[in-house]
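In: When you get a sec, could you give me coordinates for this:
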Amino acid sequence: MSTSPNGTEQPVGATPGAGAGGAPVRGLSDAEAARRRAAGQGNDVQVHAGRTYKQIVRANVFNFINNLYFGLGILLVVLGRYLDAFVAVGVILANTLVSLFQEIRAKRTIDRIAILTRPKATVVRDGAEREVDPSEIVVGDLLRLRPGDQIVVDGRVRGEGRLEVDESLLTGESDLVLKTDGDALLSGSFCATGGGHYAAEKVGLESFANKLTAKATSYRRELTPLQREVYLIIRTLLIVVLAFTILVWSRSISEHLPFVEGVRMSTVVVALIPNGLVLSIALAYALGAVRMLGKGMLIQQANAVESLSNVDVLCTDKTGTLTSNVISLHEVTPLDDTEEDLETLLGDYAATTTDVNRTVEALARAYHGIRRRPSSEALFSSRRKWSGLTFEEGALRGTYVLGAPDVLGAALPDGAGCVAPGPAAGDAPGEPEPAAGVGEPADPAAVPAWQEPSRWEVLTPQSHLKAAGSGEKVEPHSGSIGWNAYRKRWVSVFMEKFGDSSVFGELWYTEADSPTGPWGPCVKVL
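Out: Residues are numbered from 1 along each chain as shown. Got it, this is the predicted structure:
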């Protein structure tokens, strides 16, 4: 339930842009959805992650090296060199078994991860929103989109919702595309800003993303530099061995030499093939893979051991990788209004904006507000880095902006304003028009500080990095989530994990840093 401007409750589905005048949306009924699924109109697509088991077995058993050494083993048996045959075939067989074990284990794990990480969809059934697996969607379903949601089936926007879509994975274009009522949405794209509803039109193998995936899905085994060099040597020597073998048997036949003498000379020629070189590499890969498996690492191919040994820099994202991807409001420092007025302002802002992202959700959890009717709205985008609302009536008359410190703080007149100038806030064609008054002086209202819990299980202890001769470095975003405003809190978190804070010296909090400075993410009043 939600609260309207006059204080009355609204039914589920009466979201901004849901229908004409904010009318409730109902979507399909469960009975109708079941009927359409039975009629073959469901989004039933099998999840494929990587190669099949048959492809894994074929790649590890019937490859160039295995074929060569199994053939060599047969030849050595014919020549009576049973021990050499056992060594050549035995080590290759052991390496094949280790590779099969780790690749099948990796595939099973990746298949489970693919199911767990498969994007969920919010569908409206009988007027209620529910989170479902994409396979439960049917043609005609009404789906809810929020910032960060993936569009899982093709469809069209329905209602008054307005959203900007990231289609870069499909088209390669990084610009966000504005979508309003009636505009087509392609599966595989993402809702970057805004929100609304869309009706499913093409599902299953008919959707754009699944057609693209079916064409693009392929696998090519990559060889490491060492493997390429060794294979080149072996191929060259194999040609030499074949040439010498032909010469040896030609001489034996022409000179009527005994068969035993021909076999003896052939044995000497076959010895040119460097069994030990290939076998030592195979053993090194297998041993390295087993050791890495013991540390919980997921190895898809044995030669990944060599690839990883050549890595100089390992980069990782922060949000969702080092952190739990759950943002909460830590504290708000009032700069202009009283604390009570500020709670009302932030609560109403969070309840009114259609640009519902994790930051706004954190505000909504902290402060309960009333949904009002803005005269204009600027949606947040990763390029613009701020969003805003304008109210023409009531006690909140004015324009309010919530954004990143490096953008809003750049235009502070004598350290007092906090709205980005016109050039920094310019929009690409098709983007929603920002609120009026961009570039005019603004009064800072507050500095919210956010916190995001760390995922300790993915943070490598400092001692492990030092033991490997490596160092670590933290490079925070420029002005990310009010870094300067509450970096003391983050340093204390890092110190709990690593113990030694010397590597984070650039993050030390000093008394000269004031949480009332112009660089925190701010709610501003024009």
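
In: Thought residue 396 was touching residue 372, still the case?
Out: Yes - Residue 372 is within contact range of residue 396, at 7.0 Å (criterion: Cβ atoms under 8 Å). In this view, the C-beta of every residue, glycine as well, is placed from N, C-alpha and C.

In: and these two? which has more neighbours close in?
Out: A count of neighbours by other Cβ atoms under 10 Å puts residue 396 above the other of residue 372 and residue 396, at 21 against 16.

In: Now do the shared contacts for residue 372 and residue 396.
Out: Counting by Cβ atoms under 8 Å, 6 or more residues apart in numbering, the residues touching both residue 372 and residue 396 are residue 348.

In: so where is the stretch 51-200 of the chain shaky, pLDDT-wise?
Out: Applying pLDDT under 70 to the stretch 51-200 of the chain flags residues 113-117, 172, 174.

In: how about the strands in it?
Out: Listed in chain order, the strands of the stretch 51-200 of the chain (DSSP state E, counting those that start in this stretch) span 121-125, 128-132, 142-145, 154-166, 177-179, 184-185, 190-202.

In: Export those as a markdown table, with columns for distance to residue 273 and mean neighbour count.
Out: Output for these, formatted as a markdown table (distance: least, Cβ to Cβ, whole Å; neighbours: other Cβ atoms under 10 Å):
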| stretch | distance to residue 273 | mean neighbour count |
| --- | --- | --- |
| strand 121-125 | 57 | 21 |
| strand 128-132 | 59 | 14 |
| strand 142-145 | 61 | 24 |
| strand 154-166 | 54 | 22 |
| strand 177-179 | 59 | 21 |
| strand 184-185 | 59 | 20 |
| strand 190-202 | 53 | 23 |
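
In: With distance to residue 238 as extra columns, can I get those strands in TSV?
Out: Compiled in TSV, these are given as follows (distance: least, Cβ to Cβ, whole Å):
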stretch	distance to residue 238
strand 121-125	55
strand 128-132	57
strand 142-145	59
strand 154-166	51
strand 177-179	55
strand 184-185	56
strand 190-202	51
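
In: Residue 259 is nearest to which of the ones you listed?
Out: For the strands of the stretch 51-200 of the chain, proximity to residue 259 was assessed by Cβ to Cβ; strand 190-202 is nearest, at 70.9 Å.

In: Just the CA trace of the closest one, in PDB.
Out: Provided in PDB are the C-alpha atoms of strand 190-202 (Å, rounded to 0.1, in the frame of the first residue of the first chain):
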ATOM      1  CA  PHE A 190      18.400  -2.800 -18.900                       C
ATOM      2  CA  CYS A 191      16.300  -0.100 -17.300                       C
ATOM      3  CA  ALA A 192      18.900   2.500 -16.300                       C
ATOM      4  CA  THR A 193      16.600   5.200 -14.900                       C
ATOM      5  CA  GLY A 194      12.900   5.800 -14.300                       C
ATOM      6  CA  GLY A 195      10.400   3.000 -14.200                       C
ATOM      7  CA  GLY A 196       7.100   1.800 -15.500                       C
ATOM      8  CA  HIS A 197       5.300  -1.200 -16.900                       C
ATOM      9  CA  TYR A 198       5.600  -3.100 -20.200                       C
ATOM     10  CA  ALA A 199       3.600  -5.900 -21.800                       C
ATOM     11  CA  ALA A 200       5.300  -9.100 -22.900                       C
ATOM     12  CA  GLU A 201       5.000  -9.700 -26.700                       C
ATOM     13  CA  LYS A 202       7.800 -12.100 -27.700                       C
END
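
In: Quick one: list the elements packing against it.
Out: strand 142-145, strand 154-166 (3 or more Cβ pairs under 8 Å, 6 or more residues apart in numbering; DSSP states H and E).

In: how near is residue 245 to residue 34?
Out: Computed as Cβ to Cβ, to the nearest Å, the residue 245 to residue 34 distance reads 70 Å.

In: quick revisit: now the helices and strands packed on strand 190-202 in JSON lines, with distance to residue 236?
Out: Shown next, in JSON lines, are the helices and strands packed on strand 190-202 (distance: least, Cβ to Cβ, whole Å):
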{"stretch": "strand 142-145", "distance to residue 236": "59"}
{"stretch": "strand 154-166", "distance to residue 236": "50"}
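
In: distance of the residue nearest to residue 387 when sequence neighbours are not counted from residue 327?
Out: Nearest non-adjacent residue to residue 387, counting by Cβ to Cβ, 6 or more residues apart in numbering: residue 380, 3.7 Å away. Residue 380 sits 14 Å away from residue 327, going by Cβ to Cβ.

In: of these two, who's got more company?
Out: Just comparing residue 380 and residue 327: by other Cβ under 10 Å the higher neighbour count belongs to residue 380, 24 against 21.

In: Surely the more buried one and residue 386 touch.
Out: Yes - the pair residue 380 / residue 386 is scored as a contact, 6.7 Å apart, by Cβ under 8 Å.

In: Please enumerate the strands of the stretch 301-450 of the chain.
Out: 328-334, 376-378, 386-391, 398-403, 443-451.

In: Lowest mean pLDDT across these, which one is that?
Out: The minimum mean pLDDT among the strands of the stretch 301-450 of the chain belongs to strand 443-451 (a mean of 74).

In: could you list every residue that touches residue 276?
Out: Contact analysis of residue 276 by Cβ under 8 Å, 6+ apart lists nothing.

In: and it, what helix or strand is that in?
Out: helix 275-294 (DSSP states H and E).

In: pLDDT averaged over that helix - what is it?
Out: Averaging pLDDT along helix 275-294 gives 75.

In: Pick out whichever of residue 245 and residue 34 has more residues nearby.
Out: Between residue 245 and residue 34, counted using other Cβ under 10 Å, residue 245 has the larger neighbour count: 17 against 13.

In: Grab the nearest non-local neighbour of the more buried one.
Out: Ranked by Cβ to Cβ, 6+ apart and with sequence neighbours excluded, the top spatial neighbour of residue 245 is residue 269, at 5.5 Å.

In: For burial, what's the neighbour tally of that neighbour?
Out: The burial count for residue 269: 18, using other Cβ under 10 Å.

In: per-residue confidence for the residue lying closest to residue 154 once chain neighbours are set aside?
Out: With Cβ to Cβ, 6+ apart as the criterion, residue 154 has its nearest non-adjacent residue at 3.8 Å, and that residue is residue 202. Here the pLDDT value assigned to residue 202 is 90.

In: how close does residue 202 get to residue 119?
Out: Noted for residue 202: a distance of 17 Å to residue 119, by Cβ to Cβ.

In: per-domain residue ranges of the chain.
Out: By the record's domain assignment, the chain is partitioned as 53-114+222-309, 119-215, 314-526 (automatic domain parsing).

In: If anything else comes up later, I'll come back, but that's it for now.
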